[in-house]
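K.L.:
okay, here's the prediction I keep looking at, along with the sequence it came from:
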Amino acid sequence: MTRFATVRTTLRGTAAALVILLCALGGSAPAWALQDTPHQQAPDQAAPAEGGVPKPGAVESQPLSPPPGSTEAQQAPAAPANPAGAAQPAPGASAGAAPAPAEAADVQTLAPPPGDQANPDEVDVAARPAATIRAQSSWDEGYETLTTTFARLADEMRKAGIKVTGRPLSTFVETDDNGFRFEAQLPIESAPSQRPAGLSPDVTFGQTPSGHFIRFVHRSPYDDIDSTYEAVSAYLDSKGIEVKDNFTEEYVNAGKDAGDPAMELFIYVQPRG
């Protein structure tokens, strides 16, 4: 319960400190932590498409219509224009077209995704309007508390008619042996001029973190994030970089649970000075 708290509380004022939350055990260090080891791809593992674009799916083929005048064309009965019980597409929609993800193009990370996720990069982040909930959690319940808070924020924004434009964020503001306090945020298009009626009283509006950051990538179950933070701490210490106390996680893919290997998040730490 205190394995994350122990390393996190040493974060204050030193670069050798930055280790985070949740009930995680072990895990392999990210590639950027192995400075003298060339990055190699596992055998038989297909490299992801550039830019994260998924491979195209299988295409279902259909038999060609027989040529005009052929025996098959003369014998084949014409398909009914509107078979009984057949669903009709909505006006303006093409039949069989899959609906596009809602607002997917408008949901952005704080900075463009790194071109090389195997190594940390430095980014300048502009402040964006955001909806915020301040909360706290024990270490054992950290992942569940974070994701539940994000879901609450998303539901509050939906009911208020406020457009979400970014990935969920958590900024960790205080830790001890028992748990942590954090600010959960959702970037939004703009803060309302008047508080929406019925909005939960613990929802406030403010700004996302801004400034110059070093960004690290965690692509592994959240249960393994302890290893990533230990590597972050070692990297900063080896470079002699001192960082501010607060750090931010951006959930590119929060996963379905703490053990989901599809989890992907960006870790932002801000150098002092």
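P.N.:
It's in. Numbering: from 1, shown residues only.

K.L.:
every contact and neighbour count from this point should use C-alpha atoms.
P.N.:
Noted.

K.L.:
any idea which helix or strand comes after the helix or strand hosting Glu144?
P.N.:
Taking DSSP states H and E as the definition, Glu144 sits inside helix 142-160. Moving toward the C-terminus from helix 142-160, the next helix or strand (DSSP H and E) is strand 169-175.

K.L.:
downstream of that following strand, the next helix or strand is which one?
P.N.:
strand 179-187.

K.L.:
re earlier: just the CA trace of the helix holding Glu144, in PDB.
P.N.:
Taking Å, rounded to 0.1, in the frame of the first residue of the first chain, the C-alpha atoms of helix 142-160 are listed here in PDB:
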ATOM      1  CA  GLY A 142      -6.200   4.600  -7.100                       C
ATOM      2  CA  TYR A 143      -7.000   3.400 -10.600                       C
ATOM      3  CA  GLU A 144     -10.700   2.900  -9.800                       C
ATOM      4  CA  THR A 145     -11.000   6.300  -8.200                       C
ATOM      5  CA  LEU A 146      -9.300   8.000 -11.100                       C
ATOM      6  CA  THR A 147     -11.300   6.400 -13.800                       C
ATOM      7  CA  THR A 148     -14.600   6.800 -11.900                       C
ATOM      8  CA  THR A 149     -13.800  10.500 -11.500                       C
ATOM      9  CA  PHE A 150     -13.100  10.900 -15.200                       C
ATOM     10  CA  ALA A 151     -16.400   9.200 -16.000                       C
ATOM     11  CA  ARG A 152     -18.300  11.600 -13.600                       C
ATOM     12  CA  LEU A 153     -16.700  14.600 -15.300                       C
ATOM     13  CA  ALA A 154     -17.600  13.300 -18.700                       C
ATOM     14  CA  ASP A 155     -21.200  12.700 -17.600                       C
ATOM     15  CA  GLU A 156     -21.500  16.200 -16.100                       C
ATOM     16  CA  MET A 157     -20.200  17.800 -19.300                       C
ATOM     17  CA  ARG A 158     -22.600  15.800 -21.400                       C
ATOM     18  CA  LYS A 159     -25.600  16.900 -19.200                       C
ATOM     19  CA  ALA A 160     -24.400  20.500 -19.300                       C
END
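
K.L.:
wasn't Asp245 part of a helix?
P.N.:
No - counting by DSSP: H, G, I helix; E, B strand; the rest coil, Asp245 falls outside a helix, being strand.

K.L.:
from Tyr268, how far off is it?
P.N.:
Asp245 sits 11 Å away from Tyr268, going by Cα to Cα, to the nearest Å.

K.L.:
again, but for Ser137
P.N.:
21 Å.

K.L.:
neighbour count for these two, which is higher?
P.N.:
Remark: of Ser137 and Tyr268, Tyr268 carries more neighbours, 25 against 19, as counted by other Cα atoms under 10 Å.

K.L.:
is it true that the more buried one touches Arg215?
P.N.:
Yes - with contacts counted by Cα atoms under 8 Å, Tyr268 reaches Arg215, the gap being 4.6 Å.
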